[in-house]
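Engineer: curious how this folds, go ahead:
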Amino acid sequence: MTKNISTDDLLTNIIKGIEDVKGIDVDILDLREIDNRVCDYFVICNGTSNTQVNAIVNSVQKVVSKELKDKPWHVEGTDNGEWVLMDYVNIVVHVFQKHIREYYNIESLWGDAKITSLENKF
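Structural biologist: The predicted structure is shown next:
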């Protein structure tokens, strides 16, 4: 039995999970207009340390699980906490430490995506 969770609800809860533990520099990349896309959205954010990166990942999982009874299809990168990828199928979340994010610069690789940058709330 597949649960039918709207992408908007998932996106809202992912953002809440990030903001609950003060993840910063949140960008939402809308990939829906791009051919051969891997998903509908990328959500990219920064943590200030490997501890915070993993706290963000745990918070997102907790919020999404509690609110939507959903869990990521796949998570990788928690061992070193520099770049953690959480795959929720329609939405892929990238949680970076700042220097790693700057190095890989995912936003530039998906230059055709519509990017929405959220203001840091603290």
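
Engineer: centroid-nearest residue for the protein?
Structural biologist: Of all residues in the chain, the one closest to the mean position by C-alpha atoms, centre = their mean is residue 93, 2.3 Å from it.

Engineer: does that one lie in a helix or a strand, and which?
Structural biologist: Assigned by DSSP states H and E, residue 93 falls within strand 91-97.

Engineer: now swap in residue 16 and tell me
Structural biologist: Residue 16 is part of helix 7-20, with elements assigned from DSSP H and E.

Engineer: got any ranges where the chain has weak pLDDT?
Structural biologist: Scanning the chain for pLDDT under 70 picks out the ranges 1-3, 122.

Engineer: just the helices in it please.
Structural biologist: Residue ranges of the helices in the chain, as given by DSSP state H, are 7-20, 50-68, 98-104, 106-109.

Engineer: residues contacting residue 97?
Structural biologist: Listed by C-beta atoms under 8 Å, 6 or more residues apart in numbering, the contact set of residue 97 reads 46-50, 53, 81-83. Where C-beta positions appear, they are placed from N, C-alpha and C, glycine not excepted.

Engineer: hmm, which of the residues you listed are the buried ones?
Structural biologist: 46-47, 50, 53, 81-83 (16 or more other C-beta atoms under 10 Å).

Engineer: quick one on the thing from earlier: of the helices of the chain, which is nearest residue 88?
Structural biologist: Among the helices of the chain, helix 7-20 comes nearest to residue 88, with 6.0 Å by C-beta to C-beta.

Engineer: which parts of that closest one are buried?
Structural biologist: Applying 16+ other C-beta under 10 Å to helix 7-20 flags 10-11, 13-15, 17-19 as buried.

Engineer: could you dump the residues you listed into JSON lines with distance to residue 77 added?
Structural biologist: Converted to JSON lines, the buried residues of helix 7-20 look like this (distance: C-beta to C-beta, whole Å):
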{"residue": "10", "distance to residue 77": "20"}
{"residue": "11", "distance to residue 77": "21"}
{"residue": "13", "distance to residue 77": "21"}
{"residue": "14", "distance to residue 77": "16"}
{"residue": "15", "distance to residue 77": "20"}
{"residue": "17", "distance to residue 77": "16"}
{"residue": "18", "distance to residue 77": "16"}
{"residue": "19", "distance to residue 77": "21"}
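
Engineer: much appreciated, bye for now.
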